[in-house]
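Engineer: this is the structure alone, sequence omitted:
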C-alpha cells in the first residue's frame, strides 16, 4: 500500500498528525517541548512526523520496514533539508538501538499492523529514558466493523472479539497478505500497563477540519487527502483513531 498511501494522502511536514482531518501536535500539545529531545518514530512511512519534529529542534530517527516508504522519506528529507536519520527495520522488535536512547517514541498508524503488541511495548519501554513519553496513535477498535451507508452507522457484530482485517491487495510471491489487528480499550490499557507504562491521556480525535470545511474555513489539517475522502461520513460519527499518551 506504500505507493498509493503516499500518493493519495496529504501529510504535513510542519506538524505531527494523529488522525485524518483532526488537529495535530500544534493544537493538541501531547509531546510538550521537543527541542533537544531524541525521538524515534516507528513505521514512519514518508517520515513526515519526523521531519516536522526535526524542524522543531528534535533529533529524530524514522524507522520503517518498507523500502518504498523509506525512498519517499529520503526524498522528503532532502526537500525539507532536515537531518532525520532513517533506518529500515521491523517496529515490533526495534532492537538496533541502545536501551534508554530516546525521550519520545511515537507512531501514527503503525501499531495496528503488529501481531504481538506486548513484545513491541516491552521493547519501547526499554528504549525510553526515565520519564520518556510514548504516543500510540492507532486504529480505533470500531474500525474493525463495517460502515452501513444506508443506515449511516457502524454494524458492530462482536466488539469483544474484533475481527482481523485481511487486505485484498495483491502481494509478491512468498509474502503473506497484509493484516490489521484491532484491540479494545481494555486490552490496550492492559498491554501498556503490564509493561510498566503509565497512561496519562486517551484521545479519540474528532475530524474538526471536515466541519470547518463546511463553514468555508481555511483550516488545513496535517493529515487529509483523497485516501480518506470516501470515509468522510463515517469519520464524522465514528472515531478513526484512538491515541494513548503513555509515560515511563
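Structural biologist: Structure received. Just so it is clear, the model here is predicted, and its values are computed rather than measured. Numbering: from 1, shown residues only.
Engineer: phi first, then psi, for the residue of the chain positioned farthest from its centre.
Structural biologist: Distance from the centre of the chain peaks at residue 150, with 29.8 Å (CA atoms, centre = their mean). Reported as degrees, to the nearest 10, the phi and psi values for residue 150 are phi -70, psi -50.
Engineer: ok, residue 48 next?
Structural biologist: Residue torsions, per degrees, to the nearest 10, at residue 48 are phi -60, psi -40.
Engineer: ok, and the closest non-adjacent residue to the spatially most central residue of the chain?
Structural biologist: Nearest to the mean C-alpha position of the chain, counting by CA atoms, centre = their mean, stands residue 108 at 1.0 Å. Excluding the flanking residues, the one nearest residue 108 by CB to CB, 6 or more residues apart in numbering is residue 137, at 4.4 Å. From N, CA and C alone the C-beta is placed, and that goes for glycine too.
Engineer: now whichever strand or helix holds the one you found: average pLDDT?
Structural biologist: Here residue 137, judged by DSSP states H and E, is contained in strand 128-139. Taken as a whole, strand 128-139 carries a mean pLDDT of 97.
Engineer: now tell me what touches that strand from outside.
Structural biologist: 18-19, 30-32, 100-112, 124-125, 180, 182-183, 188, 192, 197, 240-248 (CB atoms under 8 Å, 6 or more residues apart in numbering).
Engineer: if the residue nearest to residue 108 is in a bridge, with which residues?
Structural biologist: Residue 137 has these beta-bridge partners by DSSP bridges: residue 108, residue 243.
Engineer: again with residue 38
Structural biologist: For residue 38, the beta-bridge partners under DSSP bridges are residue 59.
Engineer: which residues touch it?
Structural biologist: Counted by CB under 8 Å, 6+ apart, residue 38 has contacts 58, 59, 60, 61, 101, 102, 103, 104.
Engineer: I'd say the last one and residue 36 touch.
Structural biologist: So the one you mean is residue 104. No - with contact defined as CB atoms under 8 Å, residue 104 does not reach residue 36; the gap is 11.4 Å.
Engineer: the two: which is more packed in?
Structural biologist: More neighbours surround residue 104 than the other of residue 104 and residue 36, with 22 against 9 (other CB atoms under 10 Å).
Engineer: what separation do you get for the more buried one and residue 23?
Structural biologist: Distance, residue 104 to residue 23, using CB to CB, to the nearest Å: 19 Å.
Engineer: what does residue 91 give?
Structural biologist: Taken as CB to CB, the span from residue 91 to residue 23 is 25 Å.
Engineer: could you do residue 220 as well?
Structural biologist: 11 Å.
Engineer: what about these two, which has more around it?
Structural biologist: Neighbours per residue (other CB under 10 Å) separate residue 220 from residue 23, with residue 23 holding more: 22 against 12.
Engineer: residue contacts, the more buried one?
Structural biologist: So residue 23 contacts 205, 208, 221 (CB under 8 Å, 6+ apart).
Engineer: do residue 65 as well
Structural biologist: Counting by CB under 8 Å, 6+ apart, the residues that residue 65 touches are 43, 88, 89, 90, 91.
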